[in-house]
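*Asks:* let me see the structure of the following:
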Amino acid sequence: MVAPRITVNGTGTPIAPAEPHTTVLDFLRERGLTGTKEGCAEGECGACAVLVARPGVHKPTDWVAVNACLVPAAALDGQEIVTSEGLATPGAPGTPPVLHPVQEEMAVRGGSQCGYCTPGFVCSMAAEYYRPDRCPRDASGTGESGGGDGHGCDAGPGAHRTDAEHGPNGFDLHALSGNLCRCTGYRPIRDAAFAVGTPSDEDPLARRREQAPPAPVATAYTRGESAFLRRSTLADTLRLLRERPDAVVVAGSTDWGVEVNIRSRRARCVVAVDRLPELRELRVTSEHVEIGAALTLTEIERRLDGRVPLLAELFPQFASRLIRNGATLGGNLGTGSPIGDSPPVLLALEASVVLADADGEREVPLAEYFTGYRQSVRRPGELIRAVRVPLPLSPVTAFHKIAKRRFDDISSVAVAFALDVEDGIVRKARIGLGGVAATPIRALTTEAALEGKPWTAGTAEAAASLLRAEGTPLDDHRASAAYRSAMLGRSLVKLYARTTEAVSS
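*Replies:* From the prediction side, this is the model:
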């Protein structure tokens, strides 16, 4: 087996002698690439962002920005990354490098002051700069037509959207939602983002998108008594987990990375599943949508392209783009957190999880999956292989996340609705709740009160009084129990108001 190594800015770099828990951030800084900074060590500030070559949606390769502070360096064995230092083009001997267009716009528009956060902003901005379906509007304001613009632009629904968060160049500011800056007030950064053009034909990173990313490699990286392991197939991985019941399973490391950094957790054995082909499939049949547990939320969002409206409403509210580029549904469900954002949505969708071990598979309704605080029916040695969402979908859906910040925050309360309303009658109601009990739960009492009733303001108000009492909300630093209960009730009233406004308009 080849010694683990990462291609960094075009150069193969051995991972040794780093410890298996060493993050990409520390790995890079120890090798002199100090543009990658540590700010929060939790994936909330983006100062550590780097670009990783990943399988693309519209091109063979996408340049994806991730938090280097969360990902173990060993997890990028055989993969290819670019740091802020690697974006500039080397100049002639004796001359400085030629700035990347993103770096140039940040400089001339005053997007950098103290400079600490700037390299992370530049990497997140570069990922959006190279997004293949980012399409500028033409001079007439109607958007580019046809299937592309000669630079890989693949215009789809919403590709030419222009508002406060989407520039005329097609730049989506949500790409920067995981980057924080305390100096600029963001306005010059926004100006720089909305000023970048499209990559030129000579741009090496744009050309790189036309070739496939590095294929996943099996990894066995051991230092002392600690090991980071990746197998090539699901079957081999499941056999490994049977042999190593003490192993910590990781995909995007957006949860485990925080444990390592903030709580100094260490594991004797970490098993990576993020590149397993069997966990990275997305299939749509006449009966269900099956989503591989190791697909990132960004990949799911772009591949589904709005096919499941309730998931489409969830994604922009789930942490930040940097986190969604690594986080997976399998990981979000596997942690068993009562405040994860995806479980309420999946409960409302009546989803099930496909659990696999060395002996076979079983399918468990998500409503029966959680058994206690961070506990589930998943047995030692079992993995979540996929999530299944049954079809057809309920037409009336909504996801309400109540948090202190609009983006990149943990919810105080999360509520997901999926209703079938026919001829003014609620035929079916499914409501998923997060943050109001030791586990994500279904609001069964409220569901029963809605079904068979006319969809009227009176019905919504009566059911809202029941919804306020669902779960066992607690007082904590995010919200009081009384506030959580009040928000539960108001969420249903808000849903009714929104549906009636849609009908009247």
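*Asks:* just the pLDDT at the most centrally placed residue in the chain, thanks.
*Replies:* Centroid-nearest residue in the chain: R324, 1.4 Å away (criterion: CA atoms, centre = their mean). What the model reports for R324 is a pLDDT of 97.
*Asks:* how about the one 5 residues further on?
*Replies:* At L329 the predicted local confidence, pLDDT, stands at 97.
*Asks:* before we move on, what about V503?
*Replies:* Model confidence at V503 (pLDDT) stands at 50.
*Asks:* what does D408 give?
*Replies:* 85.
*Asks:* just want the phi and psi numbers for it.
*Replies:* phi 50, psi 50 (degrees, to the nearest 10).
*Asks:* shouldn't it be in contact with C45?
*Replies:* No: between D408 and C45 there is no contact under CB atoms under 8 Å: 9.4 Å. Backbone N, C-alpha and C define where each C-beta goes, glycine included.
*Asks:* higher neighbour count, these two?
*Replies:* Using other CB atoms under 10 Å, the more surrounded residue of D408 and C45 is C45, with 25 against 21.
*Asks:* can you tell me the closest non-neighbouring residue to that one?
*Replies:* Excluding the flanking residues, the one nearest C45 by CB to CB, 6 or more residues apart in numbering is G39, at 3.7 Å.
*Asks:* torsion angles phi and psi at the closest residue to T371 other than its chain neighbours?
*Replies:* Among residues not flanking T371 along the chain, V377 sits closest, at 6.0 Å (CB to CB, 6+ apart). V377 has phi and psi values of phi -80, psi 0 when expressed as degrees, to the nearest 10.
*Asks:* can you verify my assumption that V377 contacts E368?
*Replies:* Yes: V377 lies in contact with E368 (CB under 8 Å); the separation is 6.9 Å.
*Asks:* dump the residue contacts of L467.
*Replies:* I431, A443, T446, L488, G489, S491, L492 (CB atoms under 8 Å, 6 or more residues apart in numbering).
*Asks:* gap between the fifth one and A92?
*Replies:* So that's G489. 67 Å (CB to CB, to the nearest Å).
*Asks:* neighbour count: the two, which is higher?
*Replies:* G489 (20 against 7).
*Asks:* list the contacts of that one.
*Replies:* Contacts of G489 (CB under 8 Å, 6+ apart): A464, S465, L467, R468.
*Asks:* from those, pick the one nearest A215.
*Replies:* L467 (48.8 Å; CB to CB).
*Asks:* picking up where we left off before, how close does the residue nearest to C45 sit to E422?
*Replies:* 51 Å.
*Asks:* same question for T23.
*Replies:* T23 is 52 Å from E422, by CB to CB.
*Asks:* neighbour count: the two, which is higher?
*Replies:* T23 (26 against 10).
*Asks:* now the phi/psi pair for the closest residue to the more buried one other than its chain neighbours, please.
*Replies:* Excluding the flanking residues, the one nearest T23 by CB to CB, 6+ apart is C69, at 5.6 Å. Dihedral pair for C69: phi -70, psi -20, per degrees, to the nearest 10.
*Asks:* count the neighbours of C69 for me.
*Replies:* 29.
*Asks:* that older thread, which neighbours do D408 and C45 share?
*Replies:* G178.
*Asks:* which secondary structure element of the chain has the lowest mean pLDDT?
*Replies:* helix 481-504 (a mean of 88; mean pLDDT, DSSP states H and E).
*Asks:* secondary structure element for the residue nearest to C45?
*Replies:* If you go by DSSP states H and E, G39 is not part of any helix or strand.
*Asks:* how about V50?
*Replies:* strand 49-55.
*Asks:* got it, and D409?
*Replies:* Per DSSP H and E, there is no helix or strand for D409.
*Asks:* list the contacts of it.
*Replies:* A403.
*Asks:* pop out the phi and psi values for it.
*Replies:* Per degrees, to the nearest 10, the backbone of D409 is at phi -140, psi 160.
*Asks:* again with D274
*Replies:* According to degrees, to the nearest 10, D274 has phi -70, psi -20.
*Asks:* burial check on it, number of neighbours?
*Replies:* 23.
*Asks:* just to revisit the earlier point, what's in contact with the strand holding V50?
*Replies:* In contact with strand 49-55 (CB under 8 Å, 6+ apart) are residues 24, 28, 36, 61-68, 76, 79-84, 119-121, 123-124, 126-127, 178-179, 208, 212-214, 299, 322.
*Asks:* just after that strand, pick out the following helix or strand.
*Replies:* Using DSSP H and E, the first helix or strand after strand 49-55 is strand 61-67.
*Asks:* ok, now which ones touch G331?
*Replies:* V250, A251, G252, T254, D255, A293.
*Asks:* can you rerun that using 7 Å?
*Replies:* Counting by CB atoms under 7 Å, 6 or more residues apart in numbering, G331 makes contact with A251, G252, T254, D255.
*Asks:* the third one against L70, yeah?
*Replies:* Yes: under the contact definition of CB atoms under 7 Å, T254 touches L70, with a separation of 5.7 Å.
*Asks:* give the intersection of the neighbour lists for these two.
*Replies:* Contacts common to T254 and L70, judged by CB under 7 Å, 6+ apart, are G43, G326.
*Asks:* how about I189: what's its closest non-neighbour residue?
*Replies:* Nearest to I189 is G111, by CB to CB, 6+ apart, at 4.5 Å.
*Asks:* what residues of stretch 191-211 count as buried?
*Replies:* 191-196, 198-199, 203, 205-206, 208-209 (16 or more other CB atoms under 10 Å).
*Asks:* so where is this structure shaky, pLDDT-wise?
*Replies:* Scanning the chain for pLDDT under 70 picks out the ranges 1, 138-162, 502-505.
*Asks:* circling back: ok, now which ones touch the residue nearest to T23?
*Replies:* Counting by CB under 7 Å, 6+ apart, C69 has contacts T23, L25, E38, A41, G43, C48, G257, N261.
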